[in-house]
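>>> okay, here's the prediction I keep looking at, along with the sequence it came from:
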Amino acid sequence: MAKINISLNEVLRDFIGQFNYTYDKYIEKKELKENEITSFNLLDHYKFKSIDDLNSFLYSEASLEIFGHADQKIDGLIGKFNTFLMDIEDDEEHQIKLVSKEFNKSIPATFFFLSKTGCRAKNIEFVNNDNDEWLNADVLITANPNALLNKPENKISVKVKTSYNTDVSADYEIDSILDFMNNPELRNKILTIITTITYEEIN
């Protein structure tokens, strides 16, 4: 059985688009397009005095609007994801877990996002730093360049391509989570590698 961790931001949730909208609404009009966000460090694109000010905006002042009111990355995505989860559960072959770096008020805001979209994922873990997206995972599907750069040995990384992770390599690259969900050939290739690695470790 493969343990598959899936990041929320930029995989299922349009975090950057909603952050952009909220920043324009409350701080200043920048009207950046999502494809113009070329750095994972938001301080490179948005005017905050410090990382503490940015974190205060993210995790205290505007958490509900940023994390809770965000759209799905693709229209109807969560419904398709729910169907995918049911298929995986019926096969009883693999374990899916959603992971997200959250603090303070962003935690209940994320629960609101999952609730409003009708997400039926049973396993959800909030982590304290980017690398913890790998916790107890064989495969990580993420857009997070920091997590991709720090892939543990004998794990498989699947990068969801965005404008801010173009320079980061991964074992596999996909345009969206739908590529993984709808392509059994790709999915079986990835998960067969994990099964082989696990078998070799046991022996």
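Everything's here; your move.
>>> C-alpha only now, for contacts and for neighbours.
Fine.
>>> what comes up buried for stretch 176-187?
176, 177, 178, 180 (16 or more other CA atoms under 10 Å).
>>> could you dump that stretch to CSV, C-alpha only?
C-alpha atoms of stretch 176-187 as CSV (Å, rounded to 0.1, in the frame of the first residue of the first chain):
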residue,chain,number,x,y,z
SER,A,176,-3.0,19.5,-12.6
ILE,A,177,-4.0,16.8,-10.1
LEU,A,178,-6.5,15.6,-12.8
ASP,A,179,-3.5,14.2,-14.7
PHE,A,180,-2.8,11.9,-11.8
MET,A,181,-6.5,11.1,-11.1
ASN,A,182,-7.5,10.4,-14.7
ASN,A,183,-4.4,8.6,-16.0
PRO,A,184,-4.2,5.1,-14.6
GLU,A,185,-1.1,4.3,-16.6
LEU,A,186,0.8,7.2,-15.0
ARG,A,187,-0.6,6.4,-11.5
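>>> roughly how far is that stretch from the heart of the chain?
16 Å (CA atoms, centre = their mean, to the nearest Å).
>>> do the same with stretch 14-28
That offset, for stretch 14-28, works out to 18 Å (CA atoms, centre = their mean).
>>> which outside residues touch it?
9-10, 29-32, 34, 62, 65-67, 69-73 (CA atoms under 8 Å, 6 or more residues apart in numbering).
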